[in-house]
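**Student:** Here is a sequence with its predicted model. Questions after.
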Amino acid sequence: MAMQKKENVQQNQNEDHYKLLLSKLGKIVARIEEGGGLKKLEAQKAEGKLTARERMEHLFDPGTPRFEIGALAGFEMYEEHGGCPAGGVVVMLGFVRAKLCIAVANDASVKAGAWFPITGKKNLRAQEIALENRIPIIYLVDSAGVYLPLQDEIFPDKENFGRIFRNNAILSSRGIPQIAAIMGSCVAGGAYLPIMSDEALIVEKTGSIFLAGPYLVRAAIGEQVDAETLGGASTHCEISGVTDYKMESDVACIQTIRDLIDKVHVEPVVQFDCKEPIPPKREAASILKLFPLEGQKPYSMSEILECIVDGSELIWYKEHYGKTLLCAYARIGGYAVGIVANDRRIVKSGKGEMQMGGVIYSDAADKAARFVMNCNQKRIPLIFFHDVTGFMVGTRSEHGGIIKDGAKMVNAVANSTVPKFTVIIGNSYGAGNYAMCGKAYDPRLILAWPSAKIAVMGGSQAANVLLQIQLSSMKSKGKSLTPEEEKKLFDQINDKYNHQTSPYYAAARLWVDALIDPRQTRDWLIMGIRASCFADIAKFNPGVIQT
């Protein structure tokens, strides 16, 4: 009885702590959704335009699931330039006329919709999702073009601004529908995006598109012309023929896009094994009680999985071997899936050794590699749940071939052709991040909980390593520090490193697609698997479809 009471107290503390994390996330997201500020949003409406998020509301089917990609992109970045909320662009995955699409809308309230480096990266991610899953992509354009003070970081490189137009061409060549609406300014190189799409709409009076605006035309060739005459709706729909549809308002424009999508033939081409979905027996809210404070204490990953999978039912693969990695077959939303998850319990191996939770040992790596290959053979999508501190180190592990077994697992994940999805719930350190299908291994979606931490190693370990390097360097120069000075230096290094391991730091740089409420994990995964049904995995070659 006392043990049960203690467990209940701990679970209540876990839940309270996680609710504080979610409250913080909610407040940050609410502030981000204000874009460049309420005044700028109102000014946009005064021009007769909808805001970027209002355009999304009109575009997607009401009452259907919809998920935002990269809401935290640019968070706490570019502060010296006034910030760039959501990377200056809103990206959402959802249903338009019952067809799954991804949509991209420039937020003109953020620096007139100008493209920061993170804006380009976020657009490329949206195109990558469309490419990998072969789903339609819709662009709602309202942008002043490249943000000139940072042009060197967005213009010339392989994965910069120009890559977007390359992707426009690739998308069209592969028969993936692209529809673009010019709903505001569309200048210079940015003019290629809507016109390289399959069809382009333009809104009267507010929409304009040209390679050079009136001021540049005057400076370059001395011609004086207004924006409407140079590149407005009448010019491009009646004279140049650049655009295909002239729309009287934002609302009419978006309605026409919906009508066009309605005529597009989009249907699944791969049928993953699917049955009638069954809700988990454990409620999603239990996750908040099960995940420990700060993720420090051991816990049962299997109990968390039971809050996510259909009927809370899992078939364990090699249950009593390689126990620090859980491998299981299950269903999510009716779809058969294979799950690879780090278990944080301290367990006893078959050799009688105690193994630390969250660490990948040789036997666990071997088991996971075999399981991943089995799922590929059976055409079963894979889902990875991270809470990993890395591979086991030390003489015994090195002599036992941990590098070889780890390489086997990385190889299996890298060459996997079935759709992969990644959820980072706790630690995601070092090579453990790679083996568990981190960002570099092409997950169709990569999600993180507010408890996630992504880094090459844990904060205190990294701080100690960096401190020893600095002390060694100082010693070689004949300098030394007092214990108090050492502690101060350690704290400075540790604070900086911990800041960089936070989920907000990762989400700001699009290392993850979204920072999500753990209770919504199942819904996100169902949407991701559903999107993956439109691409033929027999033709999927990891690493070829790159943005």
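**Tutor:** Received, thanks. The shown structure was predicted, so the numbers you read here are calculated from the model rather than taken from an experiment.

**Student:** And the strand or helix carrying Cys327, how far out from the chain middle?
**Tutor:** Element membership of Cys327, judged by DSSP states H and E, is strand 325-332. Counting by C-alpha atoms, centre = their mean, to the nearest Å, strand 325-332 is centred 22 Å from the centre of its parent chain.

**Student:** Check stretch 412-429 too.
**Tutor:** Taking C-alpha atoms, centre = their mean, one finds stretch 412-429 lying 13 Å from the centre of the chain it belongs to.

**Student:** and it, average pLDDT?
**Tutor:** Confidence over stretch 412-429 (mean pLDDT, whole number) is 96.

**Student:** Next, the distance between the ends of it.
**Tutor:** The first and final residues of stretch 412-429 sit 19 Å from each other (C-alpha to C-alpha, to the nearest Å).

**Student:** rewinding a little: run through who's touching the helix or strand following the strand holding Cys327.
**Tutor:** The element immediately downstream of strand 325-332 (helix or strand, assigned by DSSP H and E) is strand 335-342. With C-beta atoms under 8 Å, 6 or more residues apart in numbering as the test, strand 335-342 has contacts from 272-274, 301, 305, 309, 314, 324-331, 357-358, 360, 368, 371-372, 374-375, 380-388, 426, 432, 436-437, 525-526, 529. In this view, the C-beta of every residue, glycine as well, is placed from N, C-alpha and C.

**Student:** Among those, which lie within helices?
**Tutor:** 301, 305, 368, 371-372, 374-375, 432, 525-526, 529 (DSSP state H).

**Student:** Show me just the buried residues among the residues you listed.
**Tutor:** Taking 16 or more other C-beta atoms under 10 Å as the criterion, what is buried in those is 301, 305, 368, 371-372, 375, 432, 525-526, 529.

**Student:** Max pairwise distance over those: which two?
**Tutor:** Greatest spacing in those, by C-beta to C-beta: Gly432 and Ile526 (26.3 Å).

**Student:** All the strands of the stretch 201-350 of the chain, in order from the start?
**Tutor:** Here the stretch 201-350 of the chain has its strands, by DSSP state E, counting those that start in this stretch, at 208-210, 245-247, 315-316, 325-332, 335-342, 347-348.

**Student:** now do the stretch 351-500 of the chain
**Tutor:** Using DSSP E, counting those that start in this stretch, strands in the stretch 351-500 of the chain cover 354-355, 359-360, 382-388, 390-391, 420-429, 445-448, 453-455.

**Student:** can I get the CA coordinates of stretch 74-93 in PDB?
**Tutor:** Below are the C-alpha coordinates for stretch 74-93, written out as PDB (Å, rounded to 0.1, in the frame of the first residue of the first chain):
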ATOM      1  CA  GLY A  74      13.600  30.900 -36.100                       C
ATOM      2  CA  PHE A  75      12.800  31.000 -32.400                       C
ATOM      3  CA  GLU A  76      15.300  33.200 -30.600                       C
ATOM      4  CA  MET A  77      17.300  33.600 -33.800                       C
ATOM      5  CA  TYR A  78      18.000  36.800 -35.700                       C
ATOM      6  CA  GLU A  79      17.300  38.900 -32.600                       C
ATOM      7  CA  GLU A  80      19.600  41.700 -33.900                       C
ATOM      8  CA  HIS A  81      17.300  41.900 -37.000                       C
ATOM      9  CA  GLY A  82      14.100  42.000 -35.000                       C
ATOM     10  CA  GLY A  83      13.400  38.300 -35.000                       C
ATOM     11  CA  CYS A  84      11.700  36.000 -37.400                       C
ATOM     12  CA  PRO A  85       8.600  34.300 -35.800                       C
ATOM     13  CA  ALA A  86       7.900  30.900 -37.400                       C
ATOM     14  CA  GLY A  87      10.600  31.600 -39.900                       C
ATOM     15  CA  GLY A  88       8.300  34.200 -41.600                       C
ATOM     16  CA  VAL A  89       6.300  31.400 -43.200                       C
ATOM     17  CA  VAL A  90       3.400  29.100 -42.100                       C
ATOM     18  CA  VAL A  91       3.600  25.500 -43.200                       C
ATOM     19  CA  MET A  92       0.700  23.100 -42.500                       C
ATOM     20  CA  LEU A  93      -0.200  19.500 -43.400                       C
END
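
**Student:** Tell me the buried residues in that stretch?
**Tutor:** 74-75, 77-78, 83-93.

**Student:** the longest helix in this protein is where?
**Tutor:** helix 2-32.

**Student:** Name the SS class of Ile118, please.
**Tutor:** Here Ile118 is recorded as helix under DSSP: H, G, I helix; E, B strand; the rest coil.

**Student:** Could you double-check that it lies in contact with Trp511?
**Tutor:** No: using C-beta atoms under 8 Å, Ile118 is not in contact with Trp511; the gap is 11.7 Å.

**Student:** Which of these two has more residues huddled nearby?
**Tutor:** Set Ile118 next to Trp511 and count neighbours by other C-beta atoms under 10 Å: Ile118 wins out with 25 against 19.

**Student:** I'd like to know which helix or strand in this structure has the lowest mean pLDDT.
**Tutor:** Least confident element among the helices and strands of the chain, by mean pLDDT, DSSP states H and E: strand 354-355 (a mean of 64).

**Student:** rewinding a little: export the strands of the stretch 351-500 of the chain to a markdown table and tack on distance to Lys348 and mean neighbour count?
**Tutor:** Below are the strands of the stretch 351-500 of the chain laid out as a markdown table (distance: least, C-beta to C-beta, whole Å; neighbours: other C-beta atoms under 10 Å):
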| stretch | distance to Lys348 | mean neighbour count |
| --- | --- | --- |
| strand 354-355 | 6 | 14 |
| strand 359-360 | 14 | 24 |
| strand 382-388 | 20 | 27 |
| strand 390-391 | 19 | 22 |
| strand 420-429 | 22 | 26 |
| strand 445-448 | 31 | 25 |
| strand 453-455 | 27 | 22 |
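
**Student:** These into a markdown table, with extra columns for distance to Asn106?
**Tutor:** Shown next, in a markdown table, are these (distance: least, C-beta to C-beta, whole Å):
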| stretch | distance to Asn106 |
| --- | --- |
| strand 354-355 | 50 |
| strand 359-360 | 42 |
| strand 382-388 | 33 |
| strand 390-391 | 40 |
| strand 420-429 | 28 |
| strand 445-448 | 23 |
| strand 453-455 | 28 |
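
**Student:** Select, out of those, the one closest to Arg218.
**Tutor:** Here strand 445-448 is closest among the strands of the stretch 351-500 of the chain (C-beta to C-beta), at 46.9 Å.
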